[in-house]
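Peer 1: Could you work out the structure for the sequence below:
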Amino acid sequence: MILSKQVRFGRRILLVTLLVAAVFLNGCVRKTEKVYRVGILCGLNYAVSTADGFKAKMRELGYIEGKNIIYDLQKTDFDVNAYRKALKKFITEKADLIFVFPTEASQEAKAATRGTNIPVVFAIANIEGTGLVKSVREPGGNITGVRYPGPDIALRRFEIMRELMPQVRRIWIPYQRGYPIIASQLEVLYPEASAAGIILEEAPADNAAELRSLLDARDKSSDIGMDAILFLAEPLAVTPDAFAVMCKFAYEHKIPIAGALIMQGDCESVFGVHVNNFNVGRQAAPLADKILRGTPAGTIPVVTAESYFQFNYKAAQRLGLKVPGSLLGIADEIIR
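Peer 2: Next up is the predicted model:
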């Protein structure tokens with residue numbers, strides 16, 4: 001069949017029209033691409049690199065800051081009122097997701113978003129005894145995240161202290177009074193300490209000033225009553241003011257201070273067992289991705305962060321400690 005010139009011309013016009021429409025529609029789809037708003041609450045400056053790890057992995061997953069995702073990073077150093085203010089801001093501005101750390105800030109986020117449609121992803125948060133999730137497999141509600149293995153890390157810190165100082169008999173343990181994750185850590189430490197003939201001297205306090213008062217009283221005694229200072233996983237000891245107070249005392253009495261690796265001016269701890277905050281942020285990002293793609297947060301299983309052992313060899317040498325080769329062999333990082 002031979003088509004007339006008019007028919008052929010008409011078909012060409014139709015084809016061009018369809019192509020133009022396709023380009024136009026494609027352009028419209030791109031222009032209306034969803035831009036996600038994510039509120040990030042960093043509740044402890046010590047862990048701020050968690051946010052960096054989260055953003056880096058989100059970028060790998062296709063979320064480009066300023067293009068299809070906007071972050072609102074709020075930083076506060078262990079201040080409950082500031083947590084609540086930041087969370088209220090996220091909720092008022094209708095964030096698509098809240099990323100929050102550590103434990104107490106995560107608890108505040110869960111409470112603040114109850115009854116809203118805003119999902120929460122937590123990190124560096126203990127779930128034992130905190131009521132944060134229903135279970136690891138099914139956290140429930142609007143929340144999931146990256147578990148901080150607090151009891152496991154507390155026990156590992158204790159074991160490393162014993163290997164480094166087999167003669168230790170009295171360990172001073174400072175912590176934030178009433179903090180929700182303390183009990184689960186002490187629960188695993190006391191049986192081990194009792195079996196080893198070690199006395200754990202608990203030192204609950206509300207702030208650095210109270211820690212200073214406790215240590216001043218010991219300083220005036222003929223026996224300071226401790227051979228070492230060991231941190232639990234909690235916020236007070238790693239804040240700059242509190243650490244400075246304890247490190248000064250430890251330096252003057254030539255006793256090790258350990259648990260979390262901190263180097264603050266001339267003050268240094270001997271070792272730290274923690275999680276790699278940056279990597280924890282990266283672990284949290286795929287959970288956020290699933291949520292933004294439509295999976296309910298409460299159905300996504302909680303994942304657990306791996307511990308990370310850092311050893312400050314120069315601080316140990318300064319104290320005259322004999323460092324077993326076995327410790328150096330298992331350290332993930334050695335500071336010389």
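Peer 1: residue ranges for the helices of the stretch 51-200 of the chain, please.
Peer 2: 80-92, 103-112, 150-164, 182-196 (DSSP state H, counting those that start in this stretch).
Peer 1: in the last one, what counts as buried?
Peer 2: By neighbour count, with 16 or more other C-beta atoms under 10 Å as the criterion, the buried positions of helix 182-196 are 182, 184-186, 188-189, 193. In this view, the C-beta of every residue, glycine as well, is placed from N, C-alpha and C.
Peer 1: again, but for the third one
Peer 2: Applying a neighbour-count criterion of 16+ other C-beta under 10 Å, the buried positions in helix 150-164 are 150-151, 153-155, 157-158, 160-162, 164.
Peer 1: ok, which stretches of the stretch 201-336 of the chain are helices?
Peer 2: Going by DSSP H, counting those that start in this stretch, the stretch 201-336 of the chain shows helices at 208-219, 240-253, 277-292, 313-318, 325-330.
Peer 1: Which stretch among the ones you listed is buried most, on average?
Peer 2: helix 277-292 (a mean of 22; mean count of other C-beta atoms under 10 Å).
Peer 1: coming back round to it: of all the helices of the stretch 201-336 of the chain, which one comes closest to residue 176?
Peer 2: Closest approach to residue 176 among the helices of the stretch 201-336 of the chain (C-beta to C-beta): helix 240-253, 9.1 Å.
Peer 1: Distance from the chain centre to that closest one, please.
Peer 2: Offset of helix 240-253 from its chain centre (C-alpha atoms, centre = their mean, to the nearest Å): 24 Å.
Peer 1: Then stretch 34-47?
Peer 2: 12 Å.
Peer 1: Just the endpoints, please. Distance across it?
Peer 2: 30 Å (C-alpha to C-alpha, to the nearest Å).
Peer 1: Pull out the buried residues from it.
Peer 2: Applying 16+ other C-beta under 10 Å to stretch 34-47 flags 38-44, 46-47 as buried.
Peer 1: same check, this time on stretch 256-273
Peer 2: Within stretch 256-273, judged by 16+ other C-beta under 10 Å, the buried ones are 256-262, 267-273.
Peer 1: need the contact list for the spatially most central residue of the chain.
Peer 2: Compute the mean C-alpha point of the chain, and by C-alpha atoms, centre = their mean the closest residue is residue 124, 3.0 Å away. Neighbouring residues of residue 124 by C-beta atoms under 8 Å, 6 or more residues apart in numbering: 44, 47, 50, 101-103, 146, 148, 275, 277, 280, 305.
Peer 1: JSON lines for these, including distance to residue 227 and pLDDT?
Peer 2: Below are the contacts of residue 124 laid out as JSON lines (distance: C-beta to C-beta, whole Å; pLDDT from 0 to 100):
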{"residue": "44", "distance to residue 227": "28", "pLDDT": "94"}
{"residue": "47", "distance to residue 227": "29", "pLDDT": "94"}
{"residue": "50", "distance to residue 227": "33", "pLDDT": "98"}
{"residue": "101", "distance to residue 227": "33", "pLDDT": "98"}
{"residue": "102", "distance to residue 227": "29", "pLDDT": "95"}
{"residue": "103", "distance to residue 227": "29", "pLDDT": "94"}
{"residue": "146", "distance to residue 227": "34", "pLDDT": "98"}
{"residue": "148", "distance to residue 227": "28", "pLDDT": "95"}
{"residue": "275", "distance to residue 227": "27", "pLDDT": "95"}
{"residue": "277", "distance to residue 227": "30", "pLDDT": "95"}
{"residue": "280", "distance to residue 227": "32", "pLDDT": "98"}
{"residue": "305", "distance to residue 227": "30", "pLDDT": "96"}
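Peer 1: Kindly indicate which of those residues lies nearest residue 82.
Peer 2: residue 44 (11.3 Å).
Peer 1: The closest one and residue 238 touch, don't they?
Peer 2: Yes - in this structure residue 44 lies within contact range of residue 238 using C-beta atoms under 8 Å: 7.3 Å.
Peer 1: Bridge partners for residue 275, pull those for me.
Peer 2: residue 307 (DSSP bridges).
Peer 1: what about it, neighbour count?
Peer 2: 23 (other C-beta atoms under 10 Å).
Peer 1: give me every residue that touches it.
Peer 2: Contacts of residue 275 (C-beta under 8 Å, 6+ apart): 124, 148-149, 153, 305-308.
Peer 1: Could you turn the buried ones of these into a ChimeraX selection?
Peer 2: Remark: buried members of the contacts of residue 275, expressed as a ChimeraX selection using 16+ other C-beta under 10 Å:
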select :124,148,149,153,305,307,308
